[in-house]
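Visitor: Take a look and give me a structure for this.
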Amino acid sequence: MKQMFTLAAAAAAVSLLAGCNGEKPAEQKAAPAAEAAAVIIYSNADEEAQKAMKNALDANGMKGLYKIQGLGTSELGGKLAAEGKNIEADVVTTASYYLDSLQKSQKLFQKLAFTPDTINPTPDYYAPILGNCGALFINTQVLAADKLPRPTRIEDLAQPIYAGHISVPDILGSSTSWLMTQAVIADKGEAEGAKILQAIEKNAGAHLTKSGSAPLKLIRAGEVAVGFGLRHQAVADKAKGLPVDFIDPVEGNFMLTEAAAVVDKGDKTNPNAQKVVEVIIKNARPELLQYYPVALYKGETVSAENKPANPKQFPEALTVELLQKHQKLVKGE
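Guide: Model (predicted):
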């Protein structure tokens, strides 16, 4: 799922200083300064997002000056929590709720050297790189063949009629599932919401998946009629002519962002780390919007079909601690 890009050069030599009145003969030039260390980027991003970041960096003077290492969201969060400022990474891109929790507990990230022009307010230590929005989706052919009603709410999936016909991601394995959980709990409260989510997981049965993209794959294959996942993926499938449609649930379309931050290592902070983040934000967004069509910055536009009908935010700040609380609620712990 996650991938490391192998780059040709790890660093570039610093330019030789020349005298004001012309360069010295080659044999008299000062020895080159020590090579700048490559900026190490740890990222939870999908392959498409890593490619977009790489393309932007390569085209804007950073080719050969960085390395990207792909890690899972939980794996990266665990490394950051355990290793703190001793982590190898100079820059990290991961779920913003992880960054918020780590900054609160460890003051782990450096204030950005630029101000991102975001639509919604963000902390000064990270800049969003992409957004993911949740929605229901259906296989129109299977829904008709199984004589199932078209759902309008996430809560509908808890009805007995949908047992064995749905697929949703497991909150213990996928952050996409948290979008569904936030929507139901915000609408129904913790106690009733947990019961609804438990009933949905029971109806999913063997189609309760650890991957956020797996439900849509099952929808495409015709193995289930209804699922929950990332809205833009179902929009793309419908546009390709597949028998897939998306439904903005009454409870709301909730969103999670992934963001980039510079690890604050004091005097040992890589001098190119801030530039890496700035280039990603200012130059990778056009390509990122093609894969993750959620507007995050002023002036960005997305197609009409990629605009959720009912965008909402959870009333509490998203943190790792809140995710863990919701995991326990859903699992009845």
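Visitor: Show me where the stretch 151-300 of the chain has its strands.
Guide: 166-169, 208-209, 226-230, 244-247, 253-262 (DSSP state E, counting those that start in this stretch).
Visitor: wait, which of those is closest to residue 45?
Guide: The closest of these to residue 45 is strand 253-262. By C-beta to C-beta, the value is 6.3 Å. Bear in mind the C-beta positions are built from the backbone N, C-alpha and C, glycine included.
Visitor: Show me what the closest one packs onto, helices and strands only.
Guide: strand 91-95, helix 96-106, strand 127-139, helix 175-188, helix 273-283, strand 311-312 (3 or more C-beta pairs under 8 Å, 6 or more residues apart in numbering; DSSP states H and E).
Visitor: got those as a markdown table, with mean neighbour count, mean pLDDT and distance to residue 43 columns?
Guide: Output for those, formatted as a markdown table (neighbours: other C-beta atoms under 10 Å; pLDDT from 0 to 100; distance: least, C-beta to C-beta, whole Å):
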| stretch | mean neighbour count | mean pLDDT | distance to residue 43 |
| --- | --- | --- | --- |
| strand 91-95 | 26 | 96 | 4 |
| helix 96-106 | 20 | 94 | 12 |
| strand 127-139 | 25 | 96 | 9 |
| helix 175-188 | 24 | 96 | 15 |
| helix 273-283 | 22 | 97 | 10 |
| strand 311-312 | 14 | 92 | 26 |
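Visitor: got TSV for these, with distance to residue 257 too?
Guide: As requested, the helices and strands packed on strand 253-262 are exported to TSV (distance: least, C-beta to C-beta, whole Å):
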stretch	distance to residue 257
strand 91-95	8
helix 96-106	5
strand 127-139	5
helix 175-188	11
helix 273-283	12
strand 311-312	13
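Visitor: and residue 114, which of those is closest to it?
Guide: helix 273-283 (5.2 Å).
Visitor: Residue 238 reaches residue 246, doesn't it?
Guide: Yes. The pair residue 238 and residue 246 passes the contact test of C-beta atoms under 8 Å, sitting 6.6 Å apart.
Visitor: quick one, which of the two is more surrounded?
Guide: Neighbours of residue 238 and residue 246, each counted by other C-beta atoms under 10 Å, are more numerous for residue 246; the result is 23 against 16.
Visitor: Give me the local confidence score for the more buried one.
Guide: On pLDDT, residue 246 comes in at 97.
Visitor: Isn't it up against residue 234?
Guide: Yes. In terms of C-beta under 8 Å, residue 246 counts as a neighbour of residue 234; the distance is 3.9 Å.
Visitor: residues in contact with residue 309?
Guide: Residue 309 makes contact with 248, 253, according to C-beta atoms under 8 Å, 6 or more residues apart in numbering.
Visitor: Can you pull out the low-pLDDT segments for the stretch 1-150 of the chain?
Guide: Low-confidence segments of the stretch 1-150 of the chain (pLDDT under 70): 1-36.
Visitor: tell me, how many neighbours does residue 118 end up with?
Guide: Residues near residue 118, counting by other C-beta under 10 Å, number 17.
Visitor: go on, residue 206?
Guide: There are 7 residues near residue 206, going by other C-beta under 10 Å.
Visitor: helix, strand or coil for residue 62?
Guide: Three-state call for residue 62 (DSSP: H, G, I helix; E, B strand; the rest coil): coil.
Visitor: Find the nearest non-adjacent residue to it, please.
Guide: Distances taken as C-beta to C-beta, 6 or more residues apart in numbering put residue 279 closest to residue 62, at 5.9 Å, once the chain neighbours are dropped.
Visitor: Might one say that the one you found is in contact with residue 55?
Guide: No. Assessed by C-beta under 8 Å, residue 279 is found out of contact with residue 55, at 10.6 Å.
Visitor: Please render the strands of the stretch 151-300 of the chain as CSV that adds distance to residue 82 to the earlier fields.
Guide: As requested, those are exported to CSV (distance: least, C-beta to C-beta, whole Å):
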stretch, distance to residue 82
strand 166-169, 26
strand 208-209, 28
strand 226-230, 29
strand 244-247, 39
strand 253-262, 17
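Visitor: Which of those strands sits closest to residue 137?
Guide: strand 244-247 (4.7 Å).
Visitor: outside of that closest one, which residues touch it?
Guide: 135-140, 150-152, 216, 219-220, 231, 234-235, 237-238.
Visitor: rerun that using 6 Å as the cut-off
Guide: Contact with strand 244-247 is made by 135, 136, 137, 138, 140, 219, 231, 234, 235, 237, 238, as judged by C-beta atoms under 6 Å, 6 or more residues apart in numbering.
Visitor: now stretch 172-179
Guide: By C-beta under 6 Å, 6+ apart, stretch 172-179 touches 134, 169, 170, 171, 210, 212, 229, 254, 323, 327.
Visitor: Make a ChimeraX selection of the buried ones in the residues you listed.
Guide: ChimeraX command restricting these to the buried ones, with burial defined by 16 or more other C-beta atoms under 10 Å:
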select :134,169,170,171,212,229,254,323,327
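Visitor: Now the two most distant members of the contacts of stretch 172-179.
Guide: So, the contacts of stretch 172-179 by C-beta to C-beta: farthest apart are 210 and 254, at 20.0 Å.
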